[in-house]
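1. Sequence plus the predicted model coming up.
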Amino acid sequence: MILTTSIFKSCTKAFTFILLFFSAFTFSQNIQNNPQANHGNKFEQLGTILPSPNEYRTASGAPGNKYWQQRADYDIDVTLDEKNLTIIGSELVTYYNNSPDVLNYLWLQLDENQHDPNSFIQTIDETKLNEPFTDQNLKNLKAKENLAGLGDKIDAITDETGKVLKFTINETMLRIDLPKPLVSKGKVKFKIKWHYKMINRIEYGGRGGYEYFPEDGNHLFTLSQWYPRMCVYSDFQGWQNKQFTGRGEFALAFGNFKVKMTVPSDHLVCSTGECQNYQQVLSPAQFARWQKAQTATEPVEIGLLADAVAAEKTKATGTKTWVFKADSVRDFAWGSSRKYCWDAMPTFVEGKKIMCMSFYGKEAYGLYRKYSTKVIAHTIKTYSKYTIPYPYPVAQSIEAANGMEYPMICFNFGRTEKDGTYTEGSKNGMILVIIHEVGHNFFPMIINSDERQWTWMDEGLNTFMQFITEQEWDYNYPSQRGPAHKMVDYFRLPKNQLEPIMVNSENINNFGANAYGKPATALTVLRETVMGRELFDFAFKQYCTRWAFKHPEPADFFRSMEDASAVDLDWFWRGWFYDTDPVDISIDTVKAFTLVKGEKVKIQMDTVYSYLKQPKGFEFITQIRNKQSGLKPMVDIDTTLRDFYYHYKPNPAYVKEVKNRYDGMEQISDSAFAKQNGNYLYEIKFSNKGGCVMPVIIQFNYSDGSSEIERLHVYIWRKNEKEITRTFLKNKKVVSILLDPYKETADINEKNNAWNLKAEPGKFELFKAKTGATRGQSAGGNPMQKAAGGK
């Protein structure tokens, strides 16, 4: 009788000699598993790559007992001059020095100076670098001629008594020289008066400004980065005063805001915080609907479509002043327009009411009225489940043909055709951007990382949570970032086009893939494949709880995840965050043996490589486990969310994962081994062709049509990072083998993942077979229009 190799956790000493004999006789290539002192460093600890722990940030990843951060409070009066497209503001800033340091000057951000045509920032627009001269380039140059006069114009800076303070402007940064040092635990107050001309953000780009609608002669204003804002002064870098070039976003201190906005009297205003004077600025009918919305179970329309359409035509000449307050926020943004419709309803997190609200023009009414506010509520509840309970009283989604986030408010896209119909892509894109931007309330508005230094700490973590939220919205939601197989095309790029996640925000090439997609994929792999949901979810929640309303750095995240899970992840941070090696694990050879009592019968099977197409009805690992857990998606909880496309799109087939039948087995007795007579041994040699070490996930398909999956821990690569050989004992004949069957590791080469599997038609053959049907679907408008007879 012949015993299998180390697939069993331990075996009786009686079989040790037989095992060694069998291994020497038939598995001579195992000698290649000897590391020979050249096994590399993929499993070495990060060590000095991470900053040293200290009394501000501990080795566990938690804030230290002497952690501190600054605070800045703002009292702002602002006027929106619609006729001249200008913002005019004054602010009183109270700055608290909670650091142990004495400060002789303060740094503030003047983000509107990004648009100043004389700024160096206008000369480094990376989208225009190395481009040949074209008509579009000429158009861009002419457009910049129209930027004259843009940028923040500082009218005065004084102390609270009115005494002039000396200041210096360097591009997008403003330094105030203090008349006397600001001591530790002290505070200082100062006033700034400023104005600037708003930019047409649709024509020239940018996060804030206005959109003009020539068909009705109205504007939609989005005010972001609109006031001089304090820079962060921190324990790990002092002043964060790196210039704003438009790419790396923001680092901001928490504080309390009171803001008065004076706008045309027929405008509706949406804003960070809670309105203090709705009864004064709303009509009696609007205020009554607002009160009704407080206890509604469906969104209540407060600003009616008919009222918005009427206001577009009349255009009031008077003004109203709206007052908003927000506490413990790092920023403040707002929107204003007579075009707005407005609906609202509450949702509840741990018994606390949060008003979910949407503002949108008639161009988006057909999508936003049905979905936006319910998507907000779903997002707030889902993120709260996996991070921290949402702490603010309001969450808002504003349709503005873009995507940008601020505390309690975000600007999104999603407009219908003129007849009110829409494509499935438009609907899914709208749901995606609302989830993503509302989710930014958690990253970085609450877990307040430095966006200008590390984009992935907010965009990557948020995209990961967006993916979870999409999948809990609808099992069939077509998530584009999060599933590992969606990132394979990026990982297949040449090495010189890839870079680590741990790259400064301003230096990232392939920004979307590297700062959003790859970190989201990495965390999905951690959750589903490396750590498991229970350990990951606990550790991730610990990180969020520790760093809520604080300033985390990458090491705080890495250390918290390990500290709260007892999983050594340094190999993972190395491979996924500090390196660019892709995952490419190959089946090199398969040898099969039949166990026959008293003799050895060796059956050699040829190794067959094949390209395995994603099967029809393929489900990735997150979808499978969500179904196995019994999770009920929102479209099943609230069937009003089902639209034409819910029924138009077929549901995929369900695939079940078989549990490893060797789980929990520690030893095998003589009598038990005797029962293995006639069973099968399979020796498989794997090689790590990509370089990134990962667990090995193997699907065995049997002659009776059944299958099972075995998972080998990543530590199998510790002594040899290039190749390993493992032997498996089976009581059924294996007819084919497939690596990574649920495509959960982002393996870039499926051609070497299969043994004895029939090749599927190539991409070109499939394209030829489906070309006619594809073209037919694109004719005659979107499917909703076709279903209505083209009306």
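-> Happy to help now that I have it.
2. switch to C-alpha atoms for all contacts and neighbour counts from now on
-> OK.
3. Spell out which residues sit in contact with the residue nearest to Ile585 when sequence neighbours are not counted, please.
-> With CA to CA, 6 or more residues apart in numbering as the criterion, Ile585 has its nearest non-adjacent residue at 4.7 Å, and that residue is Asn688. Contacts here follow CA atoms under 8 Å, 6 or more residues apart in numbering; on that basis Asn688 touches Val583, Asp584, Ile585, Ser586, Glu721, Lys722, Glu723.
4. do Ile431 as well
-> Counted by CA under 8 Å, 6+ apart, Ile431 has contacts Tyr371, Ser372, Val375.
5. isn't there a strand covering the last one?
-> No: according to DSSP: H, G, I helix; E, B strand; the rest coil, Val375 belongs to no strand; its state is helix.
6. okay, it: pLDDT?
-> Here the pLDDT value assigned to Val375 is 98.
7. wait, it sits on Val433?
-> No: the criterion here is CA atoms under 8 Å, and Val375 misses it with Val433 at 10.1 Å.
8. Those two: which is more packed in?
-> Each of Val375 and Val433 has its neighbours counted (other CA atoms under 10 Å); Val375 has more, 25 against 21.
9. residues contacting the more buried one?
-> Contacts of Val375 (CA under 8 Å, 6+ apart): Ile431, Ile434, Ile435.
10. ok, so of those, who is nearest Cys410?
-> Ile434 (8.0 Å; CA to CA).
11. Return the set of buried residues in the helix or strand that closest one falls within.
-> Of the helices and strands defined by DSSP states H and E, Ile434 is found in helix 424-439. Buried residues in helix 424-439, counted by 16 or more other CA atoms under 10 Å: 424, 426-439.
12. Output that helix in PDB with nothing but the alpha carbons.
-> Output of helix 424-439 as PDB, limited to C-alpha atoms (Å, rounded to 0.1, in the frame of the first residue of the first chain):
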ATOM      1  CA  GLU A 424     -29.500  50.000 -18.400                       C
ATOM      2  CA  GLY A 425     -25.900  51.300 -18.400                       C
ATOM      3  CA  SER A 426     -27.200  54.800 -17.400                       C
ATOM      4  CA  LYS A 427     -29.100  53.400 -14.500                       C
ATOM      5  CA  ASN A 428     -26.300  51.200 -13.300                       C
ATOM      6  CA  GLY A 429     -23.800  54.100 -13.700                       C
ATOM      7  CA  MET A 430     -26.000  56.300 -11.600                       C
ATOM      8  CA  ILE A 431     -26.400  53.700  -8.900                       C
ATOM      9  CA  LEU A 432     -22.600  53.200  -8.900                       C
ATOM     10  CA  VAL A 433     -21.700  56.800  -8.600                       C
ATOM     11  CA  ILE A 434     -24.200  57.500  -5.800                       C
ATOM     12  CA  ILE A 435     -23.000  54.600  -3.800                       C
ATOM     13  CA  HIS A 436     -19.400  55.600  -4.400                       C
ATOM     14  CA  GLU A 437     -19.800  59.300  -3.600                       C
ATOM     15  CA  VAL A 438     -22.100  58.800  -0.600                       C
ATOM     16  CA  GLY A 439     -19.700  56.200   0.600                       C
END
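13. just how off-centre is it within its chain?
-> Offset of helix 424-439 from its chain centre (CA atoms, centre = their mean, to the nearest Å): 12 Å.
14. by contact count, what packs against the helix or strand just after that helix?
-> Under the assignment DSSP H and E, the closest C-terminal helix or strand after helix 424-439 is helix 459-473. Using 3 or more CA pairs under 8 Å, 6 or more residues apart in numbering; DSSP states H and E as the contact test, the elements touching helix 459-473 are helix 365-386, helix 424-439, helix 518-525, helix 634-637.
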